[in-house]
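> could you work out the structure for the sequence below:
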Amino acid sequence: MNPTSIFKNIEIPLFPFPKTVMNYIFANGKPRHYKKLNKTCKYIFIKYQRNCVDWIHLQEDYVYYDEDPEPKPVFERYKFLTRFEKDFALLPSNLMFSSALELNRATTILYKTLMPKIVICNIGSLTMMRSADFLYDDFKFLTNSGRIQTLNLYDTKIIYPNGDPVEIENILAKVINAWFITLNPVHITQNTMKNLLEIQWGRPILMMLRLTKIDNNYFQPDQFFELLQKIASMSVMKGHDRYIVEFKDPIKTQEFNIILSKMVKEYKEPVPEAEKKEVVKDKEK
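Numbers count the residues shown, from 1 in each chain. Down below sits the predicted model:
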């Protein structure tokens, strides 16, 4: 969007608050605020050039016989959808990104095109499927708001600048409020479980945890069960396929899950202190 050709004779509106207060509001506004401001006041866009987008999706490049083999990208109602990486060059800069990013078979070239365009990121869902290795610094930028509820990294590695894989604890530490987590592959070390248990998790709200292609056998069932109690809704975890733990070693996977599944099945929710006191009072009567 070229504001100089679209907006003419824009006047600075008279705001009801002092300039310092308005500057603070504009500097700290969230994407949902700017969407409303851009609609109600042309001056806001001409001054701050904030392009709001809710959802960015690179689809799988499948061509069906009843579809256009060269579909045009869709960019409407704050959503951008395409099957071709080259279309990402059409996205404007200064993006305020607020909902979901889903990339399928993305390359490093796409990352270099997209990431510099995003200035503020408050997404709640991040999905990367069968994509090129993604830098940890970029991952931290996308998840820094703490709003991620769904993290789905399938056949996609998060790496340090030197190419080494990022440990799972450093990934999960950025998504402590997530409800659904899928990671494949997973890199762990001898200190991983200790580090995971030391993370300051919020309420135990995780409803799905799927870890596959774990590269080492350092996890132990009792420690993993302790982790689940800290981060997950255990009543939900008892459901089918709510947690998956797969090592590269199939024998280790089988032995591990036999023990872990028994622990999860036999888990009982702790009795609240108030109920304990009521039981004691009843017995005393």
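
> so residue 130 is in contact with residue 152, correct?
No: when contacts are counted by C-beta atoms under 8 Å, residue 130 is not listed as touching residue 152 (11.5 Å). C-beta here means a position set from N, CA and C on the backbone, and glycine is covered the same way.

> looking at these two, which is more packed in?
Legend: neighbour count by other C-beta atoms under 10 Å for residue 130 and residue 152, higher for residue 152 (18 against 12).

> which other helices and strands contact the helix or strand containing that one?
Residue 152 belongs to strand 150-154 when assigned by DSSP states H and E. Judged by 3 or more C-beta pairs under 8 Å, 6 or more residues apart in numbering; DSSP states H and E, the packing partners of strand 150-154 are strand 125-129, strand 180-184.

> assumed residue 148 was part of a helix.
No: applying DSSP: H, G, I helix; E, B strand; the rest coil, one finds residue 148 to be coil, outside a helix.

> backbone torsions only: list them for it.
With angles defined as degrees, to the nearest 10, residue 148 sits at phi -60, psi 120.

> got a markdown table for the helices and strands packed on strand 150-154, with mean pLDDT and mean neighbour count too?
Formatted as a markdown table, the helices and strands packed on strand 150-154 follow (pLDDT from 0 to 100; neighbours: other C-beta atoms under 10 Å):
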| stretch | mean pLDDT | mean neighbour count |
| --- | --- | --- |
| strand 125-129 | 98 | 20 |
| strand 180-184 | 97 | 20 |
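
> want to throw the ones you listed into TSV with distance to residue 228?
TSV is the format used below for the helices and strands packed on strand 150-154 (distance: least, C-beta to C-beta, whole Å):
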stretch	distance to residue 228
strand 125-129	22
strand 180-184	12
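
> mind telling me what element the closest residue in space to residue 184 that isn't next to it in sequence is part of?
Nearest residue to residue 184 in three dimensions, chain neighbours excluded: residue 212, at 4.4 Å (C-beta to C-beta, 6 or more residues apart in numbering). Using DSSP H and E, the element containing residue 212 is strand 208-214.

> repeat that for residue 265.
helix 250-266.

> got a list of what the nearest residue to residue 108 once chain neighbours are set aside touches?
Distance criterion C-beta to C-beta, 6+ apart; nearest residue to residue 108, sequence neighbours excluded, is residue 132 at 4.8 Å. Neighbouring residues of residue 132 by C-beta atoms under 8 Å, 6 or more residues apart in numbering: 106, 107, 108, 111, 156.

> for these, which one is nearest residue 166?
Closest approach to residue 166 among these (C-beta to C-beta): residue 156, at 11.6 Å.

> for that closest one, phi and psi?
Backbone geometry at residue 156, expressed as degrees, to the nearest 10, gives phi -140, psi 130.

> so how many other residues sit close to it?
Counted by other C-beta under 10 Å, the residues lying close to residue 156 total 21.

> quick check: it vs residue 127, distance?
Counting by C-beta to C-beta, to the nearest Å, the gap from residue 156 to residue 127 is 9 Å.

> quick one, longest strand in this protein?
Taking DSSP state E as the criterion, the chain has its longest strand at strand 95-104.

> could you spell out the sheet neighbours of that one, each with its direction?
strand 51-58 (parallel), strand 118-121 (parallel), strand 125-129 (parallel) (DSSP bridges).

> what's residue 117 in contact with, if anything?
Per C-beta under 8 Å, 6+ apart, neighbours of residue 117: 91, 92, 93, 94, 95.

> out of these, which are buried?
Buried subset of the contacts of residue 117 (neighbour count, 16 or more other C-beta atoms under 10 Å): 91, 95.

> where does pLDDT dip in the stretch 1-150 of the chain?
By pLDDT under 70, the weakly predicted segments of the stretch 1-150 of the chain are 1-13, 26, 34, 37-49, 61-70.

> now the helices for it?
When secondary structure is read from DSSP state H, counting those that start in this stretch, the stretch 1-150 of the chain shows helices at 3-6, 19-27, 31-40, 42-48, 108-114, 136-143.

> buried sites along the last one?
What that stands for is helix 136-143. Under 16+ other C-beta under 10 Å, the buried positions of helix 136-143 are 136, 139, 142, 143.

> export these to CSV and tack on distance to residue 17?
Below are those laid out as CSV (distance: C-beta to C-beta, whole Å):
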residue, distance to residue 17
136, 40
139, 37
142, 33
143, 33
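
> quick one: which of those residues is nearest residue 246?
Nearest to residue 246 among those, with distances taken as C-beta to C-beta, is residue 139, at 22.3 Å.
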